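J.: only geometry, no sequence info:
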């Protein structure tokens, strides 16, 4: 699929892709996608080689009606050895629902800024972190894996540029709480590679090893791939991405789509970094979903592989 492998010194041998399309992508659709379509998308993503697929959120349906079918979808998930299906939970009620539905991996969603915490979680930053404490503790006692997202790590539409120290402090609190991994999010897509390098250095200098950090970039200003490469060069080996570039953030109007998984895989394939993902099968899954949604995929790689020119001599 690539036009030759050209490795860059210092990159890891492999990168784990944390696929967020079924949750972070489909939660932004104007109309709810049928549960059976979601289940088929997940089946196709797993068949393409993705081993971590975030499938839904156990948030109150009135807040995210597109994911009101969390229990029903959980019952339809295909079982495969080594495949993980994380779910987002906002509080203890969400955790109880997730555990009852059989979830074995959860994620909580924090903020690096006070403004976004109040708009997204209707609580102060400290109050939101206090809410997660029993969620994380209970999940860990149940043997459930726990990840944390931190939004607005690079910029906030209400507060402007975010200080690295603020991100470091929230990261440390979440890890001390018991989260196994923290995903640093560029929610409104304003980061640039130098900013990414500087933030990851600050996080590392504070004592957090790179293997406990993931990155989650949005492509608002076309920087998601460049930022991802900077993160990988800084030692990060887990990258969030969304099949077909679906998604954004329902609580931040300036946030556009996530980094497309296909675009990420194309870059990593060309660098000789293993992902375990079959790009042809992945792009086909995204084209299938785009047809159902009635619009073309925003992924540049999906578009290129769908073009008749790709078949030309």
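T.: That came through, no problem. Just so you know, these numbers come straight off a predicted model, no measurement behind them.
J.: Report the central residue of this protein.
T.: With distances taken as Cα atoms, centre = their mean, residue 240 lies nearest the centre of the chain, 3.8 Å away.
J.: So which residues make contact with the host helix or strand of it?
T.: Using DSSP states H and E, the secondary-structure element containing residue 240 is strand 238-241. By Cβ atoms under 8 Å, 6 or more residues apart in numbering, the residues outside strand 238-241 that reach it are 15-20, 24, 181, 183, 185, 213-217, 228, 231-232, 258-261, 263-264. For the C-beta atoms, the positions are set from N, CA and C on the backbone; glycine is no exception.
J.: Stretch 97-104 now?
T.: Residues outside stretch 97-104 that contact it (Cβ under 8 Å, 6+ apart): 58, 70-71, 74-75, 84-87, 89, 106, 139, 142-145.
J.: Mean confidence (pLDDT) on it, please.
T.: For stretch 97-104, mean pLDDT rounds to 98.
J.: Other residues contacting the longest helix seen in the chain?
T.: Among the segments of the chain that qualify as a helix by DSSP state H, the longest is helix 125-141. Contacts of helix 125-141 from elsewhere in the structure, counted by Cβ under 8 Å, 6+ apart, are 89, 91-92, 94-95, 99, 106, 108, 110-111, 113-114, 117, 121, 123, 145-146, 148, 170, 173-174, 177-179.
J.: Can you name every helix or strand that the helix or strand just after it contacts?
T.: Following the chain from helix 125-141 toward its C-terminal end, the next helix or strand by DSSP H and E is strand 145-151. In this structure, strand 145-151 packs against strand 105-111, helix 125-141, helix 164-177, strand 181-186, with contacts taken as 3 or more Cβ pairs under 8 Å, 6 or more residues apart in numbering; DSSP states H and E.
J.: Okay, now the unreliable bits of the stretch 1-150 of the chain?
T.: Filtered on pLDDT under 70, the stretch 1-150 of the chain yields the residue ranges 1-2.
J.: make it 90
T.: For the stretch 1-150 of the chain, applying pLDDT under 90 flags the ranges 1-3, 28-32, 63, 119-123.
J.: Now the residue nearest to the centre of the chain. Nearest residue, chain neighbours left out?
T.: With Cβ to Cβ, 6 or more residues apart in numbering as the criterion, residue 240 has its nearest non-adjacent residue at 3.9 Å, and that residue is residue 216.
J.: Count the neighbours of that neighbour for me.
T.: For residue 216, the count of nearby residues is 26 (other Cβ atoms under 10 Å).
J.: now it, what's its secondary structure?
T.: Three-state call for residue 216 (DSSP: H, G, I helix; E, B strand; the rest coil): strand.
J.: That one against residue 186, yeah?
T.: Yes. Counting by Cβ atoms under 8 Å, residue 186 is a contact partner of residue 216 at 7.0 Å.
J.: Quick check: residue 53 touching residue 42?
T.: Yes. Contact status for residue 53 versus residue 42: in contact at 5.7 Å, counting by Cβ under 8 Å.
J.: For the stretch 201-313 of the chain, give me the ranges with low pLDDT.
T.: Under the criterion pLDDT under 90, the flagged ranges of the stretch 201-313 of the chain are 246-257, 295-298, 306-313.
J.: Next, the residue nearest to residue 14 when sequence neighbours are not counted: phi, psi?
T.: Setting aside the residues directly before and after it, residue 14 is nearest to residue 274 in space (Cβ to Cβ, 6+ apart), at 4.1 Å. Listed backbone geometry of residue 274 is phi -70, psi 140, with angles given as degrees, to the nearest 10.
J.: cool, residue 144 as well?
T.: As for residue 144, its main-chain torsions (degrees, to the nearest 10) stand at phi -100, psi 140.
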